[in-house]
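Visitor: sequence unknown, structure follows:
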């Protein structure tokens, strides 16, 4: 999905796990925290499979992207990643 990369891992952990890796190139600390909150919200709504781990990497500057755009991109990306893991 453009500036995002997702890795899906199936683990023995009974909970769903989300890791969001955002470097300084992705934006300032306020932007990175905002994106983490959005990603956590989307992931908790979508994750139904136990033992699923998802690693998200931001590849570009995301400062200029709106919250709505980030949420829709992450939702599409996570949906594809979760469906691919089944």
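Guide: Here it is on my side, so go on. Treat the numbers as computed from the prediction; the structure is a model and nothing was measured. Residues are numbered from 1 along each chain as shown.
Visitor: pLDDT weak spots in the chain?
Guide: Residue ranges of the chain with pLDDT under 70: 1-2, 86.
Visitor: mind giving me the packing neighbours of the helix or strand hosting residue 77?
Guide: Per DSSP states H and E, residue 77 falls inside helix 67-85. Here helix 67-85 touches strand 4-10, helix 29-46, strand 52-58, going by 3 or more CB pairs under 8 Å, 6 or more residues apart in numbering; DSSP states H and E. C-beta: built from backbone N, CA, C; applies to glycine.
Visitor: can you rerun that using 6 Å?
Guide: strand 4-10, helix 29-46 (3 or more CB pairs under 6 Å, 6 or more residues apart in numbering; DSSP states H and E).
Visitor: distance of the spatially closest residue to residue 56 that is not a sequence neighbour relative to residue 65?
Guide: Spatially, and ignoring its direct neighbours in sequence, residue 56 is nearest to residue 20 (4.8 Å; CB to CB, 6 or more residues apart in numbering). According to CB to CB, to the nearest Å, residue 20 and residue 65 sit 15 Å apart.
Visitor: now do residue 22
Guide: Applying CB to CB to residue 22 and residue 65 gives a distance of 13 Å.
Visitor: repeat for residue 38
Guide: 11 Å.
Visitor: cool, and residue 36?
Guide: Applying CB to CB, the value for residue 36 to residue 65 is 14 Å.
Visitor: please apply the same query to residue 31.
Guide: 9 Å.
Visitor: residue 32 contacts residue 20, correct?
Guide: No - using CB atoms under 6 Å, residue 32 is not in contact with residue 20, being 8.4 Å away.
Visitor: before we move on, the earlier item: mind putting the helices and strands packed on helix 67-85 in CSV, distance to residue 16 included?
Guide: Formatted as CSV, the helices and strands packed on helix 67-85 follow (distance: least, CB to CB, whole Å):
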stretch, distance to residue 16
strand 4-10, 11
helix 29-46, 7
